[in-house]
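A.B. asks: Sequence below, structure please.
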Amino acid sequence: MIEARGLVQTFHTGQGKNKKEVHAVKGVDLDVAEGEVVGFLGPNGAGKTTTLRMLVTLLKPTAGTARVAGYDVATQPVQVRRSIGYCSQVGSTFSGAYARDEVVDHGMLYGMSRKDAVAKGQELFEKFQLDGLWKRMNKNMSGGQKRRLDIVMGLIHSPSLVFLDEPTTGLDPQARANLWEHISGLRDNEGATVFLTTHYLDEADALADRIVIIDRGEIVASDTADNLKANVSGDLVSLELSSDEQVSIARDKLASISDDVHVDGRSVSGRVARAGKAVPGLLRDLDASGVGLEGIEVIRPTLDDVFLTLTGRSLRDADEADAPETDSPEGGAM
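C.D. replies: Okay, here's the model as predicted:
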């Protein structure tokens, strides 16, 4: 459904002597299969939204190629737009319009009849807990309600490929959990492909078949969440020993399955890839060596641990430190 090769976006900032190039996206290669939910992860300024805007034809690539739903984003933008649904990060509703008009007009732009657009819109309003708001003006809706309305507009024409840019921003926990169910349902019940950008690590972990991490304009990882955790960070195995004399033995045993062992008093810990398989053998070795344990703890890594390992910084810290992405007018919308 998505195939990008060498995708580049370069902006120019300042004027005269202060003019400089900003390389927002640097040669991104990306593949998304039909029916896949892909979580696109990275801090502000990493190139997430810029990449997405190129894929949905709102920004012309500086270099490289991309095909979305079988169409070239540079030479066939209209066909791309007809084939996808898109929920932007900043929203797309007009505050002075009625919700029903926004939804129905949007559906009719995709070739739906008014009757079908009304029926589909009311169905989606019920699914996304917008009951009773069909005739309400957007300016009188809460932030969360407006966000759900954005998503309804992106889904009104039942697209086979949906781009969701930070879809749950501003939603309360209940509405967020409700949206998770519907995102999963797009794939499970309708066979749709979903390309999801998010800053919520638990959201990417729960929804995505595959995680793609971008940092400073480049893809630094692409795999399932479980594989990224196992291969990059590993599980943290912590042993609490019964006596000081047994610490060195436990350290050596743990070192046989971990390259990063730390000792703090009677506590011995280390990162172990797929600890669920490795720990039973470790416990047998410790028991055979007469090592007694006061306790053992296995802590699964998080996606933030993965990001820290790959980039040297926490995703949350990077979000706070980096400036939000901006699209220069020189990039040109298509």
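A.B. asks: how about residue 121, phi and psi?
C.D. replies: Main-chain torsions, residue 121, degrees, to the nearest 10: phi -60, psi -40.
A.B. asks: quick one, what contacts it?
C.D. replies: Applying CB atoms under 8 Å, 6 or more residues apart in numbering, we find residue 121 in contact with 100, 103, 104, 107, 134, 152, 156. To be clear about C-beta, it is placed using only N, CA and C from the backbone, and glycine gets the same treatment.
A.B. asks: if you set the cut-off to 6 Å instead, what comes out?
C.D. replies: By CB atoms under 6 Å, 6 or more residues apart in numbering, the contact list for residue 121 reads 103, 104.
A.B. asks: Next: residue 157.
C.D. replies: 107, 110.
A.B. asks: next one: the one 3 residues further on
C.D. replies: Residues in contact with residue 160 (CB under 6 Å, 6+ apart) are residue 192.
A.B. asks: What distance do you get for it to residue 129?
C.D. replies: Residue 160 sits 25 Å away from residue 129, going by CB to CB, to the nearest Å.
A.B. asks: residue boundaries of the strands in the protein?
C.D. replies: In the chain, the segments counted as strands under DSSP state E are 2-13, 20-32, 37-41, 63-68, 71-72, 84-87, 161-165, 193-197, 210-215, 218-223, 235-241, 261-264, 267-272, 293-299.
A.B. asks: could those strands go into TSV alongside distance to residue 114 and mean neighbour count?
C.D. replies: Rendered in TSV, the data for those read as follows (distance: least, CB to CB, whole Å; neighbours: other CB atoms under 10 Å):
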stretch	distance to residue 114	mean neighbour count
strand 2-13	32	18
strand 20-32	33	17
strand 37-41	32	26
strand 63-68	28	18
strand 71-72	27	16
strand 84-87	19	23
strand 161-165	23	24
strand 193-197	28	24
strand 210-215	39	23
strand 218-223	42	17
strand 235-241	55	20
strand 261-264	66	14
strand 267-272	59	21
strand 293-299	55	12
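A.B. asks: and of those strands, who's closest to residue 120?
C.D. replies: Nearest of those to residue 120, taken as CB to CB: strand 84-87 at 12.2 Å.
A.B. asks: Show me what the closest one is packed against.
C.D. replies: helix 143-155, strand 161-165 (3 or more CB pairs under 6 Å, 6 or more residues apart in numbering; DSSP states H and E).
A.B. asks: So which of those is the most surrounded?
C.D. replies: strand 161-165 (a mean of 24; mean count of other CB atoms under 10 Å).
A.B. asks: Other residues contacting it?
C.D. replies: By CB under 6 Å, 6+ apart, the residues outside strand 161-165 that reach it are 1, 52, 56, 69, 84-89, 192-197.
A.B. asks: Report the lowest-confidence entry in the residues you listed.
C.D. replies: Ranked by pLDDT, the contacts of strand 161-165 bottom out at residue 89 (81).
A.B. asks: Was I right to think that one contacts residue 166?
C.D. replies: Yes. Residue 89 sits in contact with residue 166 when judged by CB atoms under 6 Å, with a separation of 4.8 Å.
A.B. asks: who has more neighbours, those two?
C.D. replies: Using other CB atoms under 10 Å, the more surrounded residue of residue 89 and residue 166 is residue 166, with 20 against 17.
A.B. asks: Quick check: that one vs residue 224, distance?
C.D. replies: Counting by CB to CB, the gap from residue 166 to residue 224 is 22 Å.
A.B. asks: if I look at the closest residue to residue 303 other than its chain neighbours, how far off is residue 184?
C.D. replies: In space, and not counting its chain neighbours, residue 303 is closest to residue 201: 4.4 Å by CB to CB, 6 or more residues apart in numbering. With the distance defined as CB to CB, residue 201 ends up 17 Å from residue 184.
A.B. asks: what about those two, which has more around it?
C.D. replies: When neighbours are counted by other CB under 10 Å, residue 201 comes out ahead of the other of residue 201 and residue 184, with 20 against 14.
A.B. asks: confidence score at residue 61?
C.D. replies: At residue 61, pLDDT is 96.
A.B. asks: Name the residues linked to residue 165 by a beta bridge.
C.D. replies: residue 197 (DSSP bridges).
A.B. asks: Of all the residues in the longest helix seen in the chain, which ones are buried?
C.D. replies: Using DSSP state H, we find that the single longest helix of the chain is helix 173-188. The neighbour-count check on helix 173-188 (16 or more other CB atoms under 10 Å) flags 175, 176, 178, 179, 180, 182, 183, 186, 187 as buried.
A.B. asks: Which elements pack onto that helix?
C.D. replies: So helix 173-188, by 3+ CB pairs under 6 Å, 6+ apart, packs with no helix or strand.
A.B. asks: which other residues reach it?
C.D. replies: Counting by CB under 6 Å, 6+ apart, residues outside helix 173-188 touching it are 35, 37, 144, 168, 192, 194, 207.
A.B. asks: again, but for stretch 62-69
C.D. replies: 1-10, 55, 73, 80, 83, 161.
A.B. asks: Centre of the chain to stretch 122-136, how far?
C.D. replies: Chain-centre distance of stretch 122-136: 26 Å, with CA atoms, centre = their mean, to the nearest Å.
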